[in-house]
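Trainee: Please find the sequence and the predicted model below.
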Amino acid sequence: MLLPFLEPHRVEAGCDEAGRGCLAGPVFAAAVILPPGYSNSELNDSKKLNAEERDALRQSIETEALAWSVASFSVAEIDRHNIFKSSYLAMHRALDALAVRPDFLLIDGKFFIPYPGVEHQCVIKGDGKFQSIAAAGILAKTHRDAYMRALNDRYPQYGWDGNAGYPTEKHRAAILAYGATEHHRKSFRLLKGGQQYSLFAE
């Protein structure tokens, strides 16, 4: 069972991201404030759940959370800022959009760019320790997966409905065969071993 809060008497928001290691698509981040007394034994690290479990939890979180939001940072922004900074700034965007302002943040991972006026605590593997971080990870993951499935309708050769833009062998083989699209991150090494690919496949 995950912990409900780090500091129970504060308005605490959990933050997490999805898509940091992908070759294509935006990075998504979410922020979630759970209500006092909230408990859900099904909550867990999104990577330990299957798609059906994540989708069911998404509906529950979005219905029961005191406040939640999801934001993204585009491929162009990732290429301009780098993926690490983009992940943290996507969390800032999600926090900006919350209907309730938190006074404390729980951040999944080791690092964070401080959010103005709000204290934070980084928690390594926090999505397996705190409910609010796990909830944020599930929202970020499910919203991003839905985005990539919609994008797959235009670019089915890359298999984004299955790999969500991650560097699978099928995905890299498609980049080599068809080229990179405008949705690929040009600042990433898209192919192994210096292989060449054409840009902006139709």
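Mentor: Now that the structure is in, tell me what you want to look at.
Trainee: elements contacting the longest helix anywhere in the chain?
Mentor: The residue-count maximum for a helix in the chain (DSSP state H) belongs to helix 131-152. Using 3 or more Cβ pairs under 8 Å, 6 or more residues apart in numbering; DSSP states H and E, the elements in contact with helix 131-152 are strand 12-18, strand 27-33, helix 51-64, strand 67-73, strand 104-108, helix 160-163. In this view, the C-beta of every residue, glycine as well, is placed from N, C-alpha and C.
Trainee: Contacts for the third one, please.
Mentor: Read that as helix 51-64. The contact list for helix 51-64 (Cβ atoms under 8 Å, 6 or more residues apart in numbering) reads 32, 34-35, 38, 40, 42-43, 46, 49, 68, 135, 138-139, 141-143, 145.
Trainee: Only alpha carbons, please: show that helix as CSV.
Mentor: Presented in CSV, the C-alpha positions along helix 51-64 are these (Å, rounded to 0.1, in the frame of the first residue of the first chain):
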residue,chain,number,x,y,z
ALA,A,51,-3.1,-0.7,-20.0
GLU,A,52,-6.6,-1.7,-18.7
GLU,A,53,-5.6,-1.1,-15.1
ARG,A,54,-4.1,2.3,-15.9
ASP,A,55,-7.2,3.4,-17.8
ALA,A,56,-9.5,2.4,-15.0
LEU,A,57,-7.3,4.2,-12.5
ARG,A,58,-7.3,7.3,-14.7
GLN,A,59,-11.0,7.5,-14.5
SER,A,60,-11.0,7.1,-10.8
ILE,A,61,-8.2,9.7,-10.2
GLU,A,62,-9.8,12.3,-12.5
THR,A,63,-13.2,11.8,-10.7
GLU,A,64,-11.9,11.7,-7.1
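Trainee: Give me the mean pLDDT for it.
Mentor: In this model, helix 51-64 has an average pLDDT of 97.
Trainee: Let's have the helices and strands packed on helix 131-152 in CSV, adding distance to Ile175 and mean neighbour count.
Mentor: Shown next, in CSV, are the helices and strands packed on helix 131-152 (distance: least, Cβ to Cβ, whole Å; neighbours: other Cβ atoms under 10 Å):
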stretch, distance to Ile175, mean neighbour count
strand 12-18, 21, 29
strand 27-33, 19, 30
helix 51-64, 24, 15
strand 67-73, 21, 23
strand 104-108, 29, 24
helix 160-163, 12, 18
